[in-house]
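Peer 1: turn this into a model:
(2 chains)
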Amino acid sequence: MPSSCFLPAFICDPFAYVGGGLHGALGSNLAEPLPTLILSVAAVAMLTTIIAVVVMSQVWTERRVVAMMQGRIGPNRVGPSGILQPVADAVKLLMKEDIVPFGADRAIFLIAPLIVLVPSLAVWSLVPWGPGLGVADIDVGILLVLGLGAFTTLGILMAGWASSNKYALLGGMRVAAQLISYEIPLVLSAMVPVLWAGTMSLQGIVEAQRGIWNIAILPVGPVAFLLFLTAGIAEVNRSPFDLAEAESEIIAGFHTEYSGMRFALFFLAEYANSFAVGAIASVLFLGGWLGPILPPYVWMFVKAYGVFLILIWVRSTLPRLRYDQLMQFAWKVALPISLATLVITAALVSLTQGSVA
Amino acid sequence: MEIPVSTQEEVVREGDLLTINMGPQHPSTHGVFRMVLTLDGETVVGCRPVMGYLHRSVEKLAEERTYLQDIIFTDRLDYLAPMTTNLPFAMATEQLGGIEVPERAEYIRVIMCELQRFASHCVAIGTFASDAGAFFTPMMYTFRERERILDVYEQACGARMTVSYIRYGGVARDLTDESVTTIRDFVAEMDRNIDEFEGMMTRNEIFRARTVGMGVLAPDTAVAYSITGPMLRASGIPYDIRRAEPYSVYDRFQFDIPTREGGDCYDRYMVRVGEMRQSKRILEQALKDLPDGPVVGKIPKVFRPAKGYSYARTESPKGEIGFYLVSEGRPEPYRFHIRAPSFINLGVLSQLVVGNKVADAVVILGSIDIVMGEVDR
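Peer 2: From the prediction side, this is the model:
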């Protein structure tokens, strides 16, 4: 339990509190592997539910905030201030026909949304919500997060290819090139906090920021954070890097032919991913769950949501880059800067901590 | 200079090319325009514009109806700038029938047309930013101001878009003092609003990256294709009918003709912004000098112009719009022809698009600023 939380234990860390109690109750009746197994399944189910709720809040926030920025009102009919609009949208999409276009590669077409969605949900299981609080905490957490992020590419490429639609194909091809390019600055900038903390565990990286947040380490912190955010936006295909679904150019890109719930799955994945980018950026640079007074999971949520708000802000402000400009930026600007940042960090670490971790 | 007849047939390589059919149902073809693009990867190697999806046979319909009834067709040509389309038709009809227009009506015409230019350019630069990939934010800001102009129109004549306000002999109804005050308030805020639009686009790094040097139209090509309007002036030719052949009372106002040298998409945008500022200057002067008096001249009960023909042209927000009317002494025109700037400016599209990326095709089309109602007629 962090010393900063002065509230009762069941508020500071409700999951450990309830989980511990449940584990005790189950353990008295069942043999050992079973209680752990049941609780793991419960944790996964709970996480999935939380993701669904958070994504709905994200959709509502984005629509309202963008509306505010554009001098509009935004959805305000379903529920108070339109807060139930995402629910209505989801219900509508569920009732729509699931169309598979003629000439599509049926099997790949049907499975592609899942390939996109599952990794984006899996990333959430690695997010540390508090000390020891998270579905999984593994030693190479950041590596797995980045690997899962790259997995999305495959699903989008599959969707673009299998749709048998030229716009979808263009979108799919764009994504493949774009994500591979931005993967590199993303990984390199994520290595800065790793070097600083000397561990790849997300919990370890957060713990290492108890003194000072990584973003405040001059001169590398802010640069690495901006690079990570930029590459992260490109990674989740949001404006100004939303070339894969560039509405004004290629209609809806890779999901042009999708309808109903499969379309919704792409949307769910996109928002789950944007929040995950926010969460990982907070873990790496903004001190994760560290913060005074409030419980750690609240801090984590606030920070991740804050980064997501930056994403909304960027989206409603900037036009879209062109394909070749995007690649140019990745290879000629982002890559050298991230390499330089990494080298400077390594030098700083060896100077201050004696050896490169 | 040499003008290739078609760029599509020049494509001889096959196999790796992809033909995509952009439109007639596409988010950024500004209506039901269709471009058949041949792509090599992302690069456009062939572009064939296809028009006609909004053809309503306006010219023939107009020849079956009286001059008064024909006014409503002019609203529906450039439906984003009905006032400036009303005006040349009214002028052509007045030439044909020898009708005098009272002074106050001329001033009201200028005021309405300059407001219209502002509104039309609002749509042009707003949708242009959306074409460049902005998430509709500049468009919402520009449409907010356009909405206020439509409110003025509603006050003046009851309609927001299909105004039929400028008619031969004058204007449909007088401007009330309330309307004049509304317009004055609006004009007072115009500069601030233009600054706001510019703040979102003019110095935006990505916007510049997308538009500077994109779709360059050389001055001689522009002249060869008889391009007019902001597109021509962005190529460095200061040709504006308000100055070259002043109509109405435009010769009484001080204003500049903004030109740029580059001829690219960015320059077309900058010329439009410059014209919005000049519209403000004209509006201020016109509102200051607005005389009193009648707004409709002497019009015969049954309008039957003598045999003859007339041609009137004005500077619409899209370029030179002209009406050619032939009268056989009947209440209907014998011939009703429209020189539509959108249509003629569109002619150069495939020249500009070929060689650029598919994303640029959309930006270039947006910078031409077409209205399908006028292209297809």
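
Peer 1: so what's the residue nearest the centre of chain B up against?
Peer 2: The C-alpha lying nearest the average C-alpha coordinate of chain B belongs to B:K318 (CA atoms, centre = their mean; 2.6 Å). B:K318 makes contact with B:D78, B:A81, B:S120, B:G229, B:P230, B:P341, B:S342, B:N345, B:D369, B:I370, B:V371, B:E374, according to CB atoms under 8 Å, 6 or more residues apart in numbering or on different chains. C-beta: built from backbone N, CA, C; applies to glycine.

Peer 1: look up how far B:D360 lies from it.
Peer 2: Taking CB to CB, to the nearest Å as the measure, B:K318 falls 21 Å from B:D360.

Peer 1: again with B:Q254
Peer 2: Taking CB to CB, one finds B:Q254 at 38 Å from B:D360.

Peer 1: who has more neighbours, those two?
Peer 2: B:D360 (26 against 9; other CB atoms under 10 Å in any protein chain shown).

Peer 1: for the nearest residue to the more buried one once chain neighbours are set aside, what are its contacts?
Peer 2: With CB to CB, 6 or more residues apart in numbering or on different chains as the measure, B:M214 is the residue that lies nearest to B:D360, at 5.6 Å, once sequence neighbours are left out. Residues near B:M214 by CB under 8 Å, 6+ apart: B:D264, B:C265, B:Y266, B:N356, B:D360, B:V363, B:I364, B:S367.

Peer 1: recalculate using a threshold of 10 Å.
Peer 2: Neighbouring residues of B:M214 by CB atoms under 10 Å, 6 or more residues apart in numbering or on different chains: A:322, B:132, B:208, B:262, B:264-268, B:352, B:356-357, B:359-360, B:363-364, B:367.

Peer 1: can you tell me the closest non-neighbouring residue to A:S274?
Peer 2: Distances taken as CB to CB, 6+ apart place A:V236 nearest to A:S274, at 5.1 Å, with adjacent residues excluded.

Peer 1: now for the helix or strand containing B:D185, which elements pack on it?
Peer 2: Assigned by DSSP states H and E, B:D185 falls within helix B:177-201. With contacts defined as 3 or more CB pairs under 10 Å, 6 or more residues apart in numbering or on different chains; DSSP states H and E, helix B:177-201 has these neighbours: helix B:103-131, helix B:137-157, helix B:205-211, helix B:265-289.

Peer 1: dump the residue contacts of B:V375.
Peer 2: Contacts of B:V375 by CB under 10 Å, 6+ apart are B:30-33, B:49, B:51-55, B:77-78, B:318, B:340-346.

Peer 1: would you list every one of the helices in the stretch 1-150 of chain A?
Peer 2: Per DSSP state H, counting those that start in this stretch, the stretch 1-150 of chain A carries helices over the ranges A:9-12, A:14-27, A:33-69, A:85-95, A:106-126, A:141-162.

Peer 1: buried ones among the contacts of B:M214?
Peer 2: A:322, B:132, B:262, B:264-268, B:352, B:356-357, B:359-360, B:363-364, B:367 (16 or more other CB atoms under 10 Å in any protein chain shown).

Peer 1: the helix or strand where A:M261 lies packs against which elements?
Peer 2: When elements are defined using DSSP H and E, A:M261 is found to belong to helix A:260-285. Applying 3+ CB pairs under 10 Å, 6+ apart, we find helix A:260-285 packed against helix A:33-69, helix A:85-95, helix A:106-126, helix A:141-162, helix A:166-197, helix A:202-207, helix A:220-235, helix A:296-317.

Peer 1: before we move on, back to that, buried residues, the helix holding B:D185. List them.
Peer 2: Applying a neighbour-count criterion of 16+ other CB under 10 Å, one finds B:179-180, B:182-183, B:186-187, B:190, B:193-194, B:197-198, B:200-201 buried in helix B:177-201.

Peer 1: rewinding a little: most neighbours per residue, which of the helices and strands packed on helix B:177-201?
Peer 2: By mean neighbour count, with neighbours taken as mean count of other CB atoms under 10 Å in any protein chain shown, helix B:103-131 ranks first of the helices and strands packed on helix B:177-201 at a mean of 26.

Peer 1: so that one versus helix B:177-201, what angle?
Peer 2: Interaxial angle, helix B:103-131 versus helix B:177-201 (axes from the mean of the first three to the mean of the last three CA atoms, to 10 degrees): 30 degrees.

Peer 1: state the mean pLDDT of helix B:103-131.
Peer 2: In this model, helix B:103-131 has an average pLDDT of 91.

Peer 1: that one and chain A, any residue contact?
Peer 2: Yes - Helix B:103-131 lies within reach of chain A by CB under 10 Å from any CB of the partner chain, at B:T127, B:F128, B:A129, B:S130, B:D131.

Peer 1: tell me the one of those residues nearest chain A?
Peer 2: Nearest to chain A among the residues of helix B:103-131 next to chain A: B:D131, at 5.1 Å, using CB to the nearest CB.

Peer 1: residue contacts, that closest one?
Peer 2: By CB under 10 Å, 6+ apart, the neighbours of B:D131 are A:248-249, A:319-320, B:27-30, B:139, B:210-211, B:265, B:359-367.

Peer 1: picking that back up, buried ones in the helix holding A:M261?
Peer 2: Per 16+ other CB under 10 Å, helix A:260-285 contains these buried residues: A:262-285.
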